[in-house]
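[1] starting from these lines, generate the structure:
(chains A and B)
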Amino acid sequence: MTDKLRTRILSTSLIIGFFLLWEVLCVLLNVSDLVLPRPSEIVVTMWDRFPVLWPHILQTLYSTLVGFGLGVTIGVTLGVIVGTSKVAYAVAYPLLVGFSSIPKVAVVPIFVLWFGSGTTPAILTAMVICVFPIVVNIATGLATTEPELEDVLKTMGASKSEILWNVGLPRAMPYFFASLKVAITLSFVGAVLSETVASNMGIGFVMMTASSNFQVSLVFSGLILLALMGVALYAIFSLLERRVTGWATRGNDIAIT
Amino acid sequence: MSVAMIMTHNIPDPAAQAAASASFKKRSAIELQQASVVFGTGENAVTALSPTTLKMAAGEFLALVGPSGCGKSTILKLVSNLIEPSSGVVLVGGREASTKQLRIGMAFQNPTMLPWLTIEQNIMMPLKIVDPFKRTYRQDKTGAYRDRVHALLQQVGLQGFANHYPWQLSGGMLQRSNLCRALIHEPDLLLLDEPFGALDQFTREELWQIMQDLYLDRKPTVLLVTHDLREAGFLASRICVMSARPGRIISDEPMSMPQPRDIATIYSPEFVEMTQSLRELIAQVRSS
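    Numbering: from 1, shown residues only, chains lettered A, B, ... in the order given. As a prediction, the model looks like this:
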């Protein structure tokens, strides 16, 4: 426990130290706030502009979460298909790899072409960008299930779907949640990316507009907000992961007595 | 837990037992007719089991012993329909194993408890999967089924561990849970694949006694695969010896000592003599 506390104190002081250093260096080196505003300025701007920023925060969160939700649904479905069938795995894998290696920035113009600018391309980008890690992880989790665990159920006369529900999917859960942490962060990136290119809402849009008006501290406010939102989303899914798949990281801090 | 306690707990009603055993007498008989298993094809073909014929009556406790890789486990997998014979027929309860009507309980050497479930949930798994128990699983899982699991856990000396997770238990405790899971749905046929192999001698002997009590209590047909001659002699009513790969049955002897047997019997002269002769037999087939 003391070790954990120490780690926590150290990582908190690292974060605070980072911002302090930033502040001090800006003052010492006399950096123009048109290049790099000081953290204190950023906080003041964020505070002043918060009523204006708030709807944009909600917009970005909305696009991210809807895209993420769609991505998870599609990812899990594809992952189960690919993971349970050797044929589907062999057939679909090259396509999936090809699809995943497209830089996702490149799909934004296509979505804009099809759906116009706004929320839809942001949601779709968030979706597209997070599907692949989920598919790969679910498929890996299912494909690496110990045959013995399946045999136990097979000898009971379990059907394929019973085996999937009782062994395959629970076994794939740690993989799934690991991928969710990655996926939510990627979705967030995708949504903001699309907002910067083609939208009149969202933090990405705010940053683009602020940048073209040389409101540099507002640009940085957006950046800090994005970081905070990203950390929050990541934390939520880490917590969920520990709750659901505690058995896979046994005995750390979820001791059952 | 003492064996005496288990025994008083399980005094069978002779009439009811006779009726019950008659009803599945035929159902749980096993028959292999020239069944063989070959993995792969062409030059890569590996014969796991040469054509083997074996008959088992219902309620019999048969131990299969033999050197590693002789196809003992293959026979178990055939009977449980995890694999299909390359040639020949496997009949379980008079039907082909693939059209299984029979309730089967199986325990492997590895306890294979599902790590995300508690011991109670693990043991309850067959009740969730196997007909007719699964029909009322939703209503009974917190009532009748839970009581059933707890009674069985008590019988193997694991009371109080129902809500533990598998990683919190020792190897011996896991193997007890494994037996509970194999027995919870009152199988007609119990298949044991070296379930005590990875345990220390004391735990093993303790589990032999528990296994014997559980068997005498329910009298399912049991097929036990083992390396351990004393284990086979202590538990089985019949012992078959298999030759080295590709396996076939070279000796088939009844084990006539009356059951229940005391653990001290395994150190008696006649028991030692019996295991010695089996040992020689296996030594011969290994060297030939």
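
[2] low-confidence ranges, chain A, go.
    For chain A, the stretches flagged by pLDDT under 70 are A:1, A:249-257.

[3] what does it put close to chain B?
    Residues of chain A found near chain B (C-beta under 8 Å from any C-beta of the partner chain) are A:146, A:148-149, A:151-158, A:162, A:166-167, A:170-171, A:173, A:245, A:247-248, A:250-251, A:256. (Each C-beta comes from the backbone N, C-alpha and C, glycine too.)

[4] just the buried residues out of these, in ChimeraX syntax.
    To isolate the buried members of those in ChimeraX, using 16 or more other C-beta atoms under 10 Å in any protein chain shown:
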select /A:149,151,152,153,154,155,156,157,158,162,166,167,170,171,173,245,247,248
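
[5] narrow the residues of chain A next to chain B to those in strands?
    The strands, defined by DSSP state E, take in nothing from these.

[6] which residues of the chain fall in helices?
    By default, I'm working from chain A. Assigned by DSSP state H, the helices in chain A fall at A:2-28, A:39-84, A:86-100, A:108-115, A:119-143, A:147-155, A:160-163, A:169-197, A:203-212, A:216-244.

[7] oops, chain B please
    B:3-9, B:14-23, B:72-79, B:119-129, B:137-140, B:144-155, B:171-183, B:201-218, B:229-235, B:269-287.

[8] got the ones you listed as a markdown table, with mean neighbour count columns?
    Converted to a markdown table, the helices of chain B look like this (neighbours: other C-beta atoms under 10 Å in any protein chain shown):
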| stretch | mean neighbour count |
| --- | --- |
| helix B:3-9 | 13 |
| helix B:14-23 | 11 |
| helix B:72-79 | 24 |
| helix B:119-129 | 23 |
| helix B:137-140 | 12 |
| helix B:144-155 | 17 |
| helix B:171-183 | 24 |
| helix B:201-218 | 18 |
| helix B:229-235 | 23 |
| helix B:269-287 | 14 |
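
[9] out of these, nearest to chain A?
    helix B:119-129 (4.5 Å; C-beta to the nearest C-beta).

[10] which elements pack onto that closest one?
    The contact analysis (3 or more C-beta pairs under 8 Å, 6 or more residues apart in numbering or on different chains; DSSP states H and E) places helix B:119-129 against helix A:147-155, helix B:137-140, helix B:144-155, helix B:171-183.

[11] tell me the contacts of A:V76?
    A:134, A:138, A:176 (C-beta atoms under 8 Å, 6 or more residues apart in numbering or on different chains).

[12] tell me how many other residues surround the second one.
    Pointing back at A:I138 there. If you count neighbours by other C-beta atoms under 10 Å in any protein chain shown, A:I138 ends up with 28.

[13] look up how far A:C130 lies from B:V272.
    67 Å (C-beta to C-beta, to the nearest Å).

[14] could you do A:S238 as well?
    In terms of C-beta to C-beta, A:S238 sits 16 Å off from A:C130.

[15] which one of those two is surrounded by more residues?
    Neighbour count, other C-beta under 10 Å: between A:S238 and A:C130, A:C130 has more, with 31 against 14.
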